[in-house]
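> any chance you can model this:
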Amino acid sequence: MAKHSTCAVAAILAVAFILPAIALAARDVAGIKRGFVVQGRVFCDTCRAGFETPASTYIRGAKVRVECRSRITGAKTCSFDGTTDHTGTYNILIADEHDDHEICESVLVSSPESGCKTVLQGRERARVFLSHNNGIASDTRFANSLGFTKDTPLSVCTQLLKTYEQYEV
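This is a model prediction of the structure:
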């Protein structure tokens, strides 16, 4: 009987002292700073519509930068550069956290595509939130697509843009 009470006391001590220690250790491991990956795409507005259409193409080799600046002074605090792959997608690694005191955005830098080098106004930057204190579980942050506009629209665009017209009833 004494053997059973000794086991019971040992089990209670384990629950009371060892499990909390393990939980604290796990919390400390989880507290290690994790970075982020900012992911987005860069397109060429081949119809000069001001937005992505089925005729839009995605630009390989476009330069993109993630910039963070002070919310109070507007001074740039850091920047991270990236380049798009064959699908027009960029993945920029951000080493640390940028909380409420900073505003971070993906920003277009340049396009390698001749005839599609003009920045599309309103699609030149996209805000990203680089904090773990916002309820987002993933370390990947998705930015809205960024765009350049083609110098001359494609011939197919006239017909394509008619599908976007609104008709009065």
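> ranges for the helices of the chain?
2-13, 19-30, 157-162 (DSSP state H).
> could you tell me the least trusted of those?
Mean pLDDT values for the helices of the chain show the minimum at helix 19-30, a mean of 49.
> so what would you say the end-to-end distance of stretch 57-65 is?
With Cα to Cα, to the nearest Å as the measure, the ends of stretch 57-65 fall 20 Å from one another.
> what residues sit buried inside that stretch?
Judged by neighbour count using 16 or more other Cβ atoms under 10 Å, the buried positions of stretch 57-65 are Tyr58, Ile59, Ala62, Lys63, Val64, Arg65. The way it works is simple: take the backbone N, C-alpha and C, and place the C-beta from them, glycine included.
> was I right to think Ser79 contacts Lys63?
No. Ser79 is not in contact with Lys63 according to Cβ atoms under 8 Å; the separation is 11.8 Å.
> check contacts around Arg127.
Ile103, Cys104, Glu105, Ala143 (Cβ atoms under 8 Å, 6 or more residues apart in numbering).
> quick one: neighbours of the last one, just the number.
Right, the one you point to is Ala143. By the measure other Cβ atoms under 10 Å, the count of residues near Ala143 is 21.
> ditto for the third one
Residues near Glu105, counting by other Cβ under 10 Å, number 17.
> so it sits against Ala126, correct?
Yes. At 6.2 Å, Glu105 counts as touching Ala126 under the criterion of Cβ under 8 Å.
> helix or strand with the lowest mean pLDDT in this structure?
Averaged element by element with mean pLDDT, DSSP states H and E, the chain has its least confident helix or strand at helix 19-30 (a mean of 49).
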